[in-house]
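Undergrad: When you get a sec, could you give me coordinates for this:
(2 chains)
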Amino acid sequence: MAGLYIHVPFCRKKCPYCDFYSVGYREELAEEYAKAVIRNIHYYNEEYDTVYFGGGTPILMARHILQILAECEIKSGAEITVECNPLEMDEETLKILHECGVNRLSVGVQSANDCELKALGRSHTFEQARLAILMADSIGFSDISADLMIAVPNQTAETLKRSVKSLAELPITHVSAYLLKIEPNTVFGKNPPENLPSEDETAELYLSAVSLLENAGFKQYEISNFAKAKFQSRHNLKYWRREEYLGIGAAAHSFYKGRRFAVKRDIREFISSEHQLEIVTDENPNELEERIMLGLRLCEGIPETLWRKVENFLPLIPKNYYKIENGRLSLTPNGFLVSNEIIATLLSHLEGKNAARNE
Amino acid sequence: MDYLSKIRNFCIIAHIDHGKSTLADRILEQTETVALRDMEEQLLDNMDIERERGITIKARAVRLKYKADDGEDYIFNLIDTPGHVDFNYEVSRSLVACEGAILIVDASQGIEAQTLANTYLAVENDLEVVPVVNKIDLPSAQPQVVKEEIENVIGIEAMDAPEISAKMGTNIHAVMEEIVKKIPAPKGDTEKPLKALIFDSYYDSYKGVIVYVRVKEGCIKAGDKIRMMASNAEFTTVEVGYMGATELVPCSELRAGEVGYIAASIKSIGDTKVGDTVTSATNPAAEPLAGYREVNPMVFSGIYPADGAKYPDLRDALEKLQLNDASLSFEPESSVALGFGFRCGFLGLLHMDVVQERIEREYDLDIITTAPSVVYKIELTDGEVKMIDNPFNFPDTTLIKQAYEPMVNAHVYAPSDYVGGIMELCQNRRGVFKDMKYIDQTRVDLHYELPLNEIVYDFFDALKSRTRGYASYDYEMMGFAPSKLVKLDIMLNGEVIDALSFIVHADRAYDRARKMAEKLKEHIPRQLFEIPIQACIGGKIIARETIKALRKDVLAKCYGGDITRKKKLLEKQKEGKKRMRRFGTVEVPQEAFMAVLKLDDE
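TA: From the prediction side, this is the model:
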């Protein structure tokens, strides 16, 4: 069954590192946007077992989320996630979300260190994030994920350790721990922050985050994702397991009915179109290539039928970067750090081999 | 033989940028040889590269008609000569085809190395040298000082030399009259067996090789059977004629004293060697003209296509270039590192540069060239003597009794302020100081003996940077001298990368090794494995660097299932890998080869 991703391209304020699509929040615009989302939901007329509101800052549209979910055909027991900015998590809003069936929150905590939060241009303090999560817990949210950013300016092994410890004391079930990447079309891209950790320091920070989180009971299941038992994000797993998902909204991406397509990063166009315009990025994706590329992001790795096809090129990968267990090949945390290089190495040879066969 | 008195055969000698081509253009205008609509700047220099660099690569010739002040019509044969040391022999053959030379000296810069070398060559060949002071329109012009310099340094009368501006067209007429009055008419006997000197040739796809000759004795006309005295090849003449400014003009015959061309359905330019004598096959001359010699390449380098699939295209390009350039030699060679390519021989560095540039520009091929090498002479312990132009073939050190390297006599001309820097440079390049002469109060002629392999690399660049561009230099080969040579190998992850091996003097090996290793480290990206870079001589490591293993590549959050972006990144990465050369687990980007092979010493 397909997952549904709904992009909410509104923020109160743009973070300097973020290059996802968003515009300033305006009530009327959000209203129009929600209507367009609903039109598309009717248009695709699909049943979903996961729903994910990503952004942007989806919680800004809590009331619309209520309307949208009411129009959706959702399988019982579905996972329904909303991304939240701690500053927007007031009691009333959280209650609305809880009542309309949202059962998972993903909170942009990023760090437990206020200096780091400031360096990242975030407006909240850790204490505000902590209280927001406690409130969500008290309202009845039992599946809360927190974002943790690694390789932030001024971050040290010590501050990272404290961040993980502080997160672990909260009633959360899941952590998304990802490396800060300086994207070209962002404030940071134009004016890079000082005191960014070096490549080697970044690698060490990542490795220590992995082991700290594991020790705190969050088991790694994907390059950047860690969860307590049974709390892996079912929606996100669809991306890596190459299952279907439909994306609705400006800048939303889909893998649906065998094709990959995206919608333009243009909120006006989305609002004014009867149905969103699908821009096909891949009409007929190469399954083998995608399964290797996506599967190797997961700790479960790829099955034997897949890795046998690139087996001959494994000697090009250092032995401590991967392991083969129970027939499946997967990368170790050290391997995850250089996964782009590993995947490119395996796939470029795969291509060469196929090309040679064709001649 | 009255026609002889109305012929003037001459060339123009000048340093780069002193105005040779501009004066040639003005002379062409004065003789109305070229209708103005046909005028293109620098008519004699045909190739793009020549125009851009302001140099003449191969000799060209043109026949002009001039009505002199004495009322008589004269035939001028202007033979344009290459102005670079790489083409020294070709210059000397062009000079031998003339009775006189116009020496152009820049009124603000004075005599330069090339001018001097070529003027000496002209004097040695008994040419009448007619000095001309050019660029008098420049504010910094000092014609009187330059004239004194010409008299002092070259020892020819210069006080009456025309002061001209070729650019402005000032006083060109005086030059024309000097040619008539000062340059002797040619001599020759049309009754004697044919002797014609080949001074240039090129391949024409319709007529075959067009041979430019100066007839010294006898006559030649269409239908004559001819023989090249050095190669012994025989042909039947199809057409003779002379060189108009824009096209070949056939005529009935070429007589002693005249300059013209021969077409004889000749297929290979290798049969028409510059300096060779064309004679009659039926009534041959007893002796060829003096001065012919085989031109041997002095500098060698491997040329490889950046894209291995373009190997046939590269061969095609070299073959076509060779049609017009008998001094370019090449043979197939293969390298583990670079795949299939060619070992090419050149007259010198400029020649190499020009060939490489033409391959890239005219044939649109990306190429990788290995470090230039000279020819070394190796005496083995078993008495055998080998000539080695490729590091691949350098024998094991234990088998070498004595190695020899080619030496040159080099003259550097520069303002005396820079003597210190030049001496330091020459010493760094293992030069032996011979002599220093003052050309005038401010300029010196420094004479050094230098190993050729020290100057093939980047000597001129280093010289220019130390003298702010004021120095010029010139060299001539002086044979082999014993030397301590070693072969330096570069290993990546324990594997020798053959394309990076080179032959070097033992005293310089450590320095070069260290720089190579550093450059490689700089240009090879971090990879999954740590990569040791080692430079070694016969298995002994003399320099080492390590490229640390890659620790982290981009690990972005994959937002909302945006796989496309990741795939694009992956495609880019895969594309990048295709441009790399793989050695075991090591991938080396092409830029690393280029950077290392273009390594400069400063």
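Undergrad: ok, B:M243 to chain A distance?
TA: B:M243 sits 52 Å away from chain A, going by CB to the nearest CB, to the nearest Å. Just so you know, the C-beta spots here come from the backbone N, C-alpha and C atoms, and that holds for glycine as well.
Undergrad: didn't that residue look like it was pressed against B:I75?
TA: No: using CB atoms under 8 Å as the test, B:M243 is too far from B:I75 to be in contact (11.8 Å).
Undergrad: which residues are common contacts for the two?
TA: B:R63 (CB atoms under 8 Å, 6 or more residues apart in numbering or on different chains).
Undergrad: Give me the mean pLDDT for stretch B:252-259.
TA: For stretch B:252-259, mean pLDDT is 94.
Undergrad: Report how far apart the opening and closing residues of that stretch are.
TA: Stretch B:252-259 has an end-to-end distance of 13 Å (CA to CA, to the nearest Å).
Undergrad: And for it, what's in contact with it?
TA: Against stretch B:252-259 from outside (CB under 8 Å, 6+ apart): B:1, B:3-4, B:7, B:9, B:61, B:63, B:75, B:77, B:79, B:97, B:185-190, B:192, B:196, B:212-222, B:240-243, B:260, B:262.
Undergrad: about what we covered before: B:M243 and B:I75: which has the busier surroundings?
TA: B:M243 (22 against 19; other CB atoms under 10 Å in any protein chain shown).
Undergrad: dump the residue contacts of the more buried one.
TA: Contacts of B:M243 (CB under 8 Å, 6+ apart): B:60-63, B:212, B:249, B:259-261.
Undergrad: Just list whatever residues bridge to it.
TA: Applying DSSP bridges to B:M243 gives these bridge partners: B:L248.
Undergrad: And B:I104, by the same measure?
TA: The partner residues for B:I104, given DSSP bridges, come to B:V132.
Undergrad: What pLDDT does the model give B:D445?
TA: pLDDT at B:D445 comes out at 88.
Undergrad: Report how many residues lie close to the nearest residue to it once chain neighbours are set aside.
TA: Excluding its sequence neighbours, the residue lying closest to B:D445 (CB to CB, 6 or more residues apart in numbering or on different chains) is B:K437, at 4.5 Å. When neighbours are counted by other CB under 10 Å, B:K437 registers 12.
Undergrad: Which residue is the nearest non-sequential neighbour of B:V175?
TA: B:V175 sits nearest to B:P162 (CB to CB, 6+ apart), 5.3 Å away.
Undergrad: again, but for B:L138
TA: B:S108 (5.0 Å).
Undergrad: which phi and psi does that neighbour have?
TA: Dihedral pair for B:S108: phi -100, psi -20, per degrees, to the nearest 10.
Undergrad: My guess is it contacts B:D137. True?
TA: No: using CB under 8 Å, B:S108 is not in contact with B:D137, being 10.1 Å away.
Undergrad: neighbour-wise, which of those two wins?
TA: Shown here are B:S108 and B:D137; by other CB under 10 Å, B:S108 has more neighbours (17 against 13).
Undergrad: Run through who's touching stretch B:585-596.
TA: Counting by CB under 8 Å, 6+ apart, A:315-316, B:306, B:337-338, B:368, B:492-493, B:495, B:497, B:499-500, B:516, B:519-520, B:522-525, B:527-529, B:531, B:576-577, B:579-582 sit against stretch B:585-596.
Undergrad: Among these, which ones are in helices?
TA: B:516, B:519-520, B:522-523, B:576-577 (DSSP state H).
Undergrad: out of those, who's near chain A?
TA: Among the ones in helices among the contacts of stretch B:585-596, proximity to chain A is found for B:K577 (CB under 8 Å from any CB of the partner chain).
Undergrad: out of the ones in helices among the contacts of stretch B:585-596, who's nearest chain A?
TA: The closest of those to chain A turns out to be B:K577 (CB to the nearest CB; 4.6 Å).
Undergrad: Number of residues surrounding the nearest residue to B:G270 once chain neighbours are set aside?
TA: Using CB to CB, 6+ apart and skipping residues adjacent in sequence, the residue nearest B:G270 is B:A326, 5.4 Å away. By other CB under 10 Å, the residues close to B:A326 number 18.
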